[in-house]
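In: Need the 3D shape of this:
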Amino acid sequence: MDGSKAYRVATEEYVPNARICFDPFHVMQWVNRALDRVFADASSANRRRIELSSGSWRKVRIALRTGAERLTDQRRALVDTLTDQDQHVGQHGD
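Out: Model prediction:
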């Protein structure tokens with residue numbers, strides 16, 4: 001379903017045993033917003049800075065959204081570089 005609170009409230013009230021699943025579009029929208037906030041926080045914090053242009057950030061964001069098993073060598077290198085520079089932004093598991 002749509003991620004709107006109105007849909008959630010109505011579903012919980014009228015179909016209390018329903019399993020709620022959110023649509024992928026809104027889930028990815030939330031993920032992108034969260035990644036943008038994390039990057040903005042990391043860029044403005046008084047710790048090691050990540051030197052990325054907005055164009056580079058789009059590439060990194062795509063790499064961070066990609067499942068570890070589906071990362072190309074180039075995207076894995078981006079994630080690894082980010083992880084080395086800032087543990088809070090680029091955490092991933094191998």
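In: taking the mean pLDDT, what do you get for stretch 41-56?
Out: In this model, stretch 41-56 carries a mean pLDDT of 58.
In: Also stretch 65-84?
Out: Taken as a whole, stretch 65-84 has a mean pLDDT of 83.
In: Just give me how far that stretch sits from the chain centre.
Out: Here the centre of stretch 65-84 is set off from its chain's centre by 13 Å, with Cα atoms, centre = their mean, to the nearest Å.
In: Just the CA atoms of that stretch, as PDB, please.
Out: Backbone C-alpha positions of stretch 65-84 (Å, rounded to 0.1, in the frame of the first residue of the first chain) are rendered in PDB as follows:
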ATOM      1  CA  ARG A  65      21.200   1.100  -2.700                       C
ATOM      2  CA  THR A  66      22.500  -1.800  -4.600                       C
ATOM      3  CA  GLY A  67      22.500  -5.200  -2.900                       C
ATOM      4  CA  ALA A  68      26.000  -6.300  -2.000                       C
ATOM      5  CA  GLU A  69      25.700  -9.400  -4.300                       C
ATOM      6  CA  ARG A  70      24.800  -7.200  -7.300                       C
ATOM      7  CA  LEU A  71      27.500  -4.600  -6.900                       C
ATOM      8  CA  THR A  72      29.700  -4.100 -10.000                       C
ATOM      9  CA  ASP A  73      33.500  -3.700  -9.300                       C
ATOM     10  CA  GLN A  74      33.200   0.000  -9.900                       C
ATOM     11  CA  ARG A  75      30.300   0.400  -7.400                       C
ATOM     12  CA  ARG A  76      32.000  -1.800  -4.800                       C
ATOM     13  CA  ALA A  77      35.000   0.400  -5.100                       C
ATOM     14  CA  LEU A  78      32.800   3.500  -4.400                       C
ATOM     15  CA  VAL A  79      31.300   1.900  -1.400                       C
ATOM     16  CA  ASP A  80      34.700   0.700  -0.100                       C
ATOM     17  CA  THR A  81      36.100   4.200  -0.500                       C
ATOM     18  CA  LEU A  82      33.200   5.700   1.300                       C
ATOM     19  CA  THR A  83      33.500   3.200   4.100                       C
ATOM     20  CA  ASP A  84      37.200   3.900   4.500                       C
END
